[in-house]
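Participant: Predicted model and sequence below, questions to follow.
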Amino acid sequence: MLNVLDLSQNSDIEIYNRIYKIINTNDPYFLYDYLRYFTECNSNLISFVYLDDISEKYILMPGYISNVSISNTQTEYKQFSSPYGYTGPLTSKEIDEKTINQFWIDINEWYSKNNVVTEFVRFNLFENFNYYNSTLHKTMLNVKGCIINEELQWKLFDSKVRKNVNKAKREGLISKIIYLDITDIEIECFYDIYIKTMIRTKASKKFYYNLSDFKSFIRNNPYNSAICNVYFEEKVISSELILVSKNSIFSFLGGTDEIFFDKRPNDFLKFELINWARRNGKDYYVLGGGYGYEDGIFKYKKSFFPNDIVTFFTGRKIVNDDIYIKLVKLNNTFRINNSLDPLSIEDESFFPLFNKID
């Protein structure tokens, strides 16, 4: 049985949180507070909830329902997209193929009844794309680092990583990983480094989160949050907020004081987090990918886990082909009127095509 929660309503938020706890994976990307503070358009946030009456197992899939607009003109049609990060469906343990297949079938029926034309899903790196009933797109490569024996882990690092970690130690860098008892001062220290890094790198405005949001998220979710600081002569020169699940840690948001780049604090920070993950029984350290396919950021992350590269999949679904083509044609009219090249319906570089405006 499929239900749809409106996550602008307190009663539905309570239901979502209750089911999240029942599923019991402790996945930080499905926390309501993550969706609330670190993803966009939460006024349109919903969640599909599927309950298999026989097995009493659940599936949750949060995301955004938004109106399709062409040339700033709102149409009668809608689109669904999952939040930024590793989401898709969150399932109870040992969910069976039949249940997942029925989940996707019921969602398709709901889309058809509610004028939803397209679906865009960002899956996680733990194969929750299995049994997806539409097109899987290989979006980019990600680093999903396996935490293994310390000696072997060191040997598998790229030689440059070992060199940089040794340099950081010679420079006298030390680290501190704060978990469960993170204070406001420590959050403020992280935030100062983070925001200065966003400014220096000219990051997209969507990454300029409020300090109060960080404080609320960390206070409300102590088991899902850790901060790693690297110090030089008692000064924090690099800091990162880590998301924590039952079996993994995830590199999330952070930054470094550029004055101290030569002391190699970034390599040292990740090295220390790998050791912390090992001590705390984690199986993976997910570093993610880059901004583009196999760019410099991705290659840097790969240097820590050269053999642990996986594909990040997104799901692309066209619920109504005729309406989709109609909307792309409307967008092409807008593009031609604004001296932009029209789009081919076969173009797979962007989805959905009717949203492409540059």
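Facilitator: Now that the structure is in, tell me what you want to look at.

Participant: just checking, next helix/strand downstream of the strand or helix carrying Lys301?
Facilitator: In the assignment (DSSP states H and E), Lys301 maps to helix 296-302. The helix or strand immediately downstream of helix 296-302 is strand 309-318, counting by DSSP H and E.

Participant: neighbouring contacts of that next one?
Facilitator: Contacts made with strand 309-318 from outside it, assessed by Cβ atoms under 8 Å, 6 or more residues apart in numbering, are listed as 88, 108, 117-123, 125, 129, 132-144, 289, 302, 324, 351-352. No exception for glycine: its C-beta is placed from N, CA and C like everyone else's.

Participant: partners of it in the sheet?
Facilitator: Here strand 309-318 is paired, per DSSP bridges, with strand 116-122 (antiparallel), strand 135-146 (antiparallel).

Participant: coming back round to it: rounded mean pLDDT for the helix holding Lys301, please.
Facilitator: Mean pLDDT, computed over helix 296-302, is 93.

Participant: pLDDT weak spots in the stretch 151-300 of the chain?
Facilitator: 292-293 (pLDDT under 70).

Participant: and Gln74, what does it touch?
Facilitator: 67-68.

Participant: Repeat the analysis, applying 10 Å as the threshold.
Facilitator: 66-68 (Cβ atoms under 10 Å, 6 or more residues apart in numbering).

Participant: So for the top strand by length along the chain, what gets flagged as buried?
Facilitator: Secondary structure assigned by DSSP state E gives strand 57-70 as the longest strand of the chain. Within strand 57-70, the residues scored as buried using 16 or more other Cβ atoms under 10 Å are 57-66, 68, 70.

Participant: Report the strands that pair with that strand, each with its relative direction.
Facilitator: As assigned by DSSP bridges, strand 57-70 forms pairs with strand 45-52 (antiparallel), strand 73-81 (antiparallel), strand 90-91 (antiparallel).

Participant: Return the mean pLDDT over the longest one, rounded to an integer.
Facilitator: Taken as a whole, strand 73-81 has a mean pLDDT of 95.

Participant: Go through it and flag the buried ones.
Facilitator: 75, 77-81.

Participant: related to what we said a few turns ago, the strands paired with strand 57-70: which one's closest to Leu31?
Facilitator: strand 90-91 (10.5 Å; Cβ to Cβ).

Participant: Who are the packing partners of the helix or strand just after that closest one?
Facilitator: Where DSSP H and E defines the elements, the next helix or strand beyond strand 90-91 is helix 97-113. Helices and strands touching helix 97-113, as assessed by 3 or more Cβ pairs under 10 Å, 6 or more residues apart in numbering; DSSP states H and E, comprise strand 2-6, strand 45-52, strand 57-70, strand 73-81, strand 90-91, strand 116-122, strand 309-318.

Participant: could the strands paired with strand 57-70 go into JSON lines alongside distance to Gly296?
Facilitator: As requested, the strands paired with strand 57-70 are arranged in JSON lines below (distance: least, Cβ to Cβ, whole Å):
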{"stretch": "strand 45-52", "distance to Gly296": "34"}
{"stretch": "strand 73-81", "distance to Gly296": "28"}
{"stretch": "strand 90-91", "distance to Gly296": "32"}
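
Participant: Gly172: which of the ones you listed is closest?
Facilitator: Among those, strand 90-91 sits nearest to Gly172 (Cβ to Cβ), with 43.3 Å.

Participant: No further questions, thank you.
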